[in-house]
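Colleague: Output the structure for:
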Amino acid sequence: MFARCSSACVRGVDGEATDVEVHLRQGNPRFDVVGLADTAAREARDRVRSALVQSGYRFPEGRVLVNLAPAETPKSGAGHDLPMAIAILLADRVLPPDAGVGWLMFGELALDGRLRPVRGAFLVASTAERRGLAGIVAPQGNGAEAALATGLPVYAPETLAEAVRFLAGEAAIDASVPAVPCAARPSRRDFAEVHGQEAVKRALVVAACGGHNVLLVGPPGSGKTLLAERFADLLPPLEREQAIDVARIRSAAGLPVDGLPSTRPFRAPSCSASLAGVTGGGQPPRPGEITLANHGVLFLDELPQFRPDVLESLRQPLESGLVTLSRASGHVTFPSRFQLLTAMNPCPCGFGAGTPRCTCTPPAVQRYLSRISGPLIDRIDLRVPVPAVPYAALRSGRASRGTDSMASEVTAGREVQRHRFGGPRLNATMSPREMAQHCGVTPAAEKHIENAAATGRLSARGIGRVLRVARTVADLAGAAGGGTPDRIDEAHVLEVLRWRLEAGGVQ
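Modeller: Okay, the predicted model is just below:
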């Protein structure tokens, strides 16, 4: 006796279709699960047996063989428990032969027959329409998330027995309602609360407008972290396709997907974070911090305190927007198009070499700065000094520039880029061909770039990044003045070179 049910598993940040095949035959009692199942999937033998018995059904005598197809695809987790149990009942003629046709099923079974939610429901449910299925049967805890991922009806029973009665046509279940889209959260942190750092705020506006990476360098208490925590509020809401990408990543990581997100991710891992925690890892591989920050911001505070292998792992994702994890079972590629925001002190004591309070020797300063490799620094567009704030600036009571004003400037500059690229792309992602088309400079501006390159302080990559940031500065100037200049002029380039070359000795 044979039966088959449709299911799916998580592979990276995608759902992969699977089938659960059951063959019942005579012989000594035995229950086998084949098809590259991990430990959790193989242990379904005990969960399924107990859940069927506790739900009032007879477990078949003889040999029970379960195949999770395709056989070469690794299967992980307990999501195949429900389709296993249903397929066994179909093969044992407890359910009509056509009861499982057209349904995508997934869910973990408790020993008493209750259905428990599983990781990746958004990804698993998204495979149903591609397979031409009619609906989805999933645990109640996954119902709203699964309904968000597809236009098909999603039915979420509480128990295995309820699922069996529903598939047999003996009971009705109301279709799950998609999770309500998350409302944009109001900003609770205003840049107006940060006094005396107007030049830094200007740099953050440029970075937010063009999607450029930033390094903030300054002494303790100068406001680096305060500024960074408010940075995400300058960014516009996610586009729908971007929101779907973020939802898929959260689902793959086992995080709740309570509606399509509207605000951009802001991830701030501790400096003690491991390589796997930042880039992704585990078995099966799960997204790390750089993937969870996709379409958003990755903030690394106290940059030199991160492990060297963690920092070096950022180099390739910063260029390609992807991170590939190679395992014996295959390769998994995660998206990682994030904006890097970092902060650090200028020296080990924090106050800056050459200042009266600094107690660091030149070799100590050099060792401290050398914790960040040249190739990584070269990928950071803006290196912004954050000076100590004088007491008078803190207590003056003078109005400081706030988030609303800065965000409106960012929005205007991004509209210029949307018109240029025909979509939600930013200057930071321009290809060399696009740079040749859009980053023409005046002779005076060209001379400054040439001089900086001649001193060895600008690599070929650095020249390209200077031009991209200067294009953003020109876009902001044009948006404020009513027209975007076709060519980048001297003032735009000088502002960018000052940020890139003059940040507390970081080169």
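Colleague: With M1 as the reference, measure out to the nearest residue to V180 once chain neighbours are set aside.
Modeller: Once flanking residues are discounted, V180 sits nearest to G259: 4.9 Å by C-beta to C-beta, 6 or more residues apart in numbering. Backbone N, C-alpha and C define where each C-beta goes, glycine included. G259 sits 43 Å away from M1, taking C-beta to C-beta, to the nearest Å as the criterion.
Colleague: Ok, V64 next?
Modeller: Distance from V64 to M1, by C-beta to C-beta: 10 Å.
Colleague: So, low pLDDT: which residues of the chain?
Modeller: Low-confidence segments of the chain, defined by pLDDT under 70: 181-188, 328-329, 397, 482-485, 503-507.
Colleague: Could you list every helix and strand that the longest helix anywhere in the chain packs against?
Modeller: In the chain, taking DSSP state H as the definition, the longest helix is helix 460-481. Here helix 460-481 touches helix 198-210, helix 403-421, helix 432-438, helix 443-454, helix 490-501, going by 3 or more C-beta pairs under 8 Å, 6 or more residues apart in numbering; DSSP states H and E.
Colleague: Please work out which residues outside that helix touch it.
Modeller: Helix 460-481 is contacted from outside by 205-206, 209-210, 212, 378-379, 381-382, 409, 412-413, 415-417, 427-428, 430, 432, 435, 438-439, 441, 445, 449, 452-453, 458, 484-485, 488-489, 492-493, 495-497, 499-500, using C-beta atoms under 8 Å, 6 or more residues apart in numbering.
Colleague: Could you tell me the angle between that helix and helix 490-501?
Modeller: For helix 460-481 against helix 490-501, the angle by axes from the mean of the first three to the mean of the last three C-alpha atoms, to 10 degrees is 130 degrees.
Colleague: Let me know the secondary structure of the residue nearest to V180.
Modeller: When classified by DSSP: H, G, I helix; E, B strand; the rest coil, G259 comes out as coil.
Colleague: and the next element down the chain from the helix or strand encompassing D32?
Modeller: Under the criterion of DSSP states H and E, D32 resides in strand 30-34. Following strand 30-34 in sequence order, the next helix or strand is helix 39-42 (DSSP H and E).
Colleague: Find the nearest non-adjacent residue to the residue positioned nearest the centre of the chain, please.
Modeller: Geometric centre of the chain, nearest residue: L292, 2.4 Å, by C-alpha atoms, centre = their mean. Leaving out its chain neighbours, the residue that sits closest to L292 by C-beta to C-beta, 6+ apart is R267, at 5.3 Å.
Colleague: didn't the one you found look like it was pressed against T291?
Modeller: No - contact criterion C-beta atoms under 8 Å: R267 and T291 do not qualify, at 9.3 Å.
Colleague: The two - which one has more neighbours?
Modeller: When R267 and T291 are compared for neighbours, T291 comes out ahead with 28 against 19, by other C-beta atoms under 10 Å.
Colleague: which of the residues in the longest helix of the chain are buried?
Modeller: For helix 460-481, burial by neighbour count (16 or more other C-beta atoms under 10 Å) applies to 462, 464-479.
Colleague: residues contacting the residue nearest to the centre of the chain?
Modeller: Contacts of L292 (C-beta under 8 Å, 6+ apart): I249, R250, A253, L255, P265, R267.
Colleague: what's the answer for K75, then?
Modeller: Per C-beta under 8 Å, 6+ apart, neighbours of K75: C9, T18, G35, L36, A37, D38, A41, L68.
Colleague: can we see that at 10 Å?
Modeller: 7-11, 16, 18, 20, 33, 35-38, 40-42, 44, 68-69, 284 (C-beta atoms under 10 Å, 6 or more residues apart in numbering).
Colleague: Next up, phi/psi of it, please.
Modeller: In terms of degrees, to the nearest 10, the main-chain angles of K75 are phi -110, psi 130.
Colleague: partners of it in the sheet?
Modeller: Counting by DSSP bridges, K75 forms beta bridges with A37.
Colleague: measure V177 to I372 for me?
Modeller: Look at V177 and I372: by C-beta to C-beta, they are 49 Å apart.
Colleague: So for the two, which residue has more residues nearby?
Modeller: I372 (20 against 11).
Colleague: which SS class is that one?
Modeller: Criterion first, three-state DSSP; result for I372: coil.
Colleague: Tell me which stretches of the stretch 201-350 of the chain form strands.
Modeller: All strands of the stretch 201-350 of the chain, identified by DSSP state E, counting those that start in this stretch, fall at 214-217, 266-267, 280-281, 286-287, 297-300, 322-327, 330-335, 339-344.
Colleague: Take those strands and write them to JSON lines, including distance to R114.
Modeller: JSON lines is the format used below for the strands of the stretch 201-350 of the chain (distance: least, C-beta to C-beta, whole Å):
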{"stretch": "strand 214-217", "distance to R114": "49"}
{"stretch": "strand 266-267", "distance to R114": "34"}
{"stretch": "strand 280-281", "distance to R114": "32"}
{"stretch": "strand 286-287", "distance to R114": "26"}
{"stretch": "strand 297-300", "distance to R114": "39"}
{"stretch": "strand 322-327", "distance to R114": "33"}
{"stretch": "strand 330-335", "distance to R114": "32"}
{"stretch": "strand 339-344", "distance to R114": "43"}
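Colleague: need the strands for the stretch 51-200 of the chain, in chain order.
Modeller: So, for the stretch 51-200 of the chain - with DSSP E, counting those that start in this stretch - the strands run 63-69, 103-105, 108-109, 115-116, 135-137, 154-155.
Colleague: Name only those of the contacts of K75 that count as buried.
Modeller: 7-11, 16, 18, 20, 33, 35, 37, 40-42, 44, 68-69, 284.
Colleague: domain assignment for the chain?
Modeller: 2-167, 191-392+401-501 (automatic domain parsing).
Colleague: which residues are in contact with both of V64 and M1?
Modeller: V22, H23, L24, R25, I88, A91, D92.
Colleague: Burial check on E72, number of neighbours?
Modeller: Neighbours around E72, by other C-beta under 10 Å: 9.
Colleague: From L36, how far off is it?
Modeller: 7 Å.
Colleague: I380 belongs to a helix?
Modeller: No - counting by three-state DSSP, I380 is not part of a helix but coil.
Colleague: check contacts around it.
Modeller: The contact partners of I380, taken as C-beta under 10 Å, 6+ apart, are 212-215, 303, 318, 340-342, 372, 462, 465, 500, 503, 506.
Colleague: Could you rerun that using 7 Å?
Modeller: Neighbour list for I380: N213, V214, L215, L340, T342 [criterion: C-beta atoms under 7 Å, 6 or more residues apart in numbering].
Colleague: Could you verify my assumption that the first one touches V384?
Modeller: This means N213. No - applying C-beta atoms under 7 Å, one finds N213 not in contact with V384, separated by 11.1 Å.
Colleague: quick one, which of the two is more surrounded?
Modeller: Neighbour count, other C-beta under 10 Å: between N213 and V384, V384 has more, with 28 against 22.
Colleague: picking that back up, need phi/psi at the residue nearest to V180.
Modeller: Per degrees, to the nearest 10, the backbone of G259 is at phi 90, psi 160.
Colleague: Can you give me the neighbour number for it?
Modeller: Neighbourhood size, G259 [other C-beta under 10 Å]: 17.
Colleague: are any of the contacts of L292 buried, and which?
Modeller: Buried subset of those (neighbour count, 16+ other C-beta under 10 Å): I249, R250, A253, P265, R267.
Colleague: Just give me the closest of the residues you listed to P237.
Modeller: Among the buried ones among the contacts of L292, P265 lies closest to P237 (C-beta to C-beta), at 12.3 Å.
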